[in-house]
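Enquirer: generate a structure from the sequence data that follows.
(one chain, ligands or ions: 1)
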Amino acid sequence: MASSLKNIIVLSGPSGAGKSTLLKRLFKDYPDTFGFSISRKCILIVRFLMDNLYKTHTTRAPRPGEQDGREYHFVSNENFEQLIKENAFIEHAKFSNNRYGTSFKAVGDVVKSNLKCILDVDMQGVKSIKNSDLKAHYVFIAPPSIKVLEERLRGRQTDSEESIQTRLKTAEAEIAYSKEPSAHDIIIINDNLEEAYKKLVNFILGDSKKETQQTTSSL
Ligand SMILES: Nc1ncnc2c1ncn2[C@@H]1O[C@H](COP(=O)(O)OP(=O)(O)OP(=O)(O)O)[C@@H](O)[C@H]1O
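Expert: Numbers count the residues shown, from 1 in each chain. As a prediction, the model looks like this:
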């Protein structure tokens with residue numbers, strides 16, 4: 001198991017479980033501990049499924065004002081392919097004909113700077129990190145039930161019906177994986193937001209005792 005110092009936190013959970021809600025609050029409450037920019041390297045958020053905002057490498061051209069190594073590492077398609085071959089990426093994806101990836105090295109750099117790094121990833125991301133040398137702590141954010149998850153996905157009004165169905169289907173696999181022994185260090189059921197948030201803060205910033213909390217949800 002990873003060392004007791006929680007420098008790398010891998011946060012996962014079904015889409016709509018409340019990861020962004022919890023993280024936004026965490027960054028607001030601890031502005032000096034967490035930040036967004038790659039250059040500050042305070043925290044690295046990897047949104048595997050949702051967007052490409054926090055990837056570290058891209059093949060797209062820099063926009064005016066963007067600097068290589070600050071917003072992204074801007075690389076050619078050939079370089080990107082080479083990095084894939086070298087297994088440099090935790091994850092990579094294509095958006096609008098441009099490729100984006102998050103490198104293991106970027107995470108390592110955060111840790112070397114003695115700062116915390118949160119990786120907000122999907123199940124494949126969790127497995128990929130587990131297969132790497134990164135010493136991470138794994139947090140699973142669970143909804144109280146599939147029914148509530150569906151209500152939340154509908155309630156936020158950001159997803160099409162097709163997208164909601166895909167997310168619910170994916171959620172089943174993610175929840176099944178979360179039940180495997182040792183898949184995560186802590187499962188936080190995001191029913192009452194205050195309570196879930198307290199547990200998250202305590203796990204990330206509190207004492208290093210390993211907690212494995214049993215689910216009391218109807219999942
Ligand atoms: N404890 C809670 N009680 C009620 N509603 C909640 C709670 N936590 C989050 N929500 C709401 O549920 C919806 C989904 O939350 P959020 O977008 O944070 O999920 P997510 O896990 O980040 O999803 P994704 O992976 O798709 O980004 C939002 O509308 C949010 O306001």
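
Enquirer: okay, now the domains of the protein?
Expert: What automatic domain parsing lists as the domains of the chain is 1-34+116-219, 52-113.

Enquirer: switch those over to a markdown table; also include mean pLDDT and mean neighbour count.
Expert: To be clear about C-beta, it is placed using only N, CA and C from the backbone, and glycine gets the same treatment. Below are those laid out as a markdown table (pLDDT from 0 to 100; neighbours: other C-beta atoms under 10 Å):
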| stretch | mean pLDDT | mean neighbour count |
| --- | --- | --- |
| domain 1-34+116-219 | 85 | 17 |
| domain 52-113 | 82 | 16 |
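
Enquirer: distance to the ligand added to these, as JSON lines?
Expert: Output for the domains of the chain, formatted as JSON lines (distance: least, C-beta to the nearest ligand atom, whole Å):
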{"stretch": "domain 1-34+116-219", "distance to the ligand": "3"}
{"stretch": "domain 52-113", "distance to the ligand": "12"}
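
Enquirer: quick one: Thr170 and Pro14 touch, right?
Expert: Yes: look at Thr170 against Pro14 with C-beta atoms under 8 Å: they come within range, at 7.0 Å.

Enquirer: please compute how far stretch 128-148 lies from its chain's middle.
Expert: The chain centre lies 8 Å from the centre of stretch 128-148; the measure is C-alpha atoms, centre = their mean, to the nearest Å.

Enquirer: what's the answer for stretch 176-187, then?
Expert: 16 Å.

Enquirer: just the endpoints, please. Distance across that stretch?
Expert: Terminal residues of stretch 176-187 lie 13 Å apart, using C-alpha to C-alpha, to the nearest Å.

Enquirer: could you do stretch 177-185 as well?
Expert: 13 Å.

Enquirer: show me the longest helix that occurs in this structure.
Expert: helix 161-178 (DSSP state H).

Enquirer: quick one: distance of that one to the chain centre.
Expert: Helix 161-178 sits 16 Å away from the centroid of its parent chain (C-alpha atoms, centre = their mean).

Enquirer: what's that helix in contact with?
Expert: The contact list for helix 161-178 (C-beta atoms under 8 Å, 6 or more residues apart in numbering) reads 12-17, 122-123, 126, 140, 142-143, 146, 149-150, 153-154, 159, 183-184, 187, 219.
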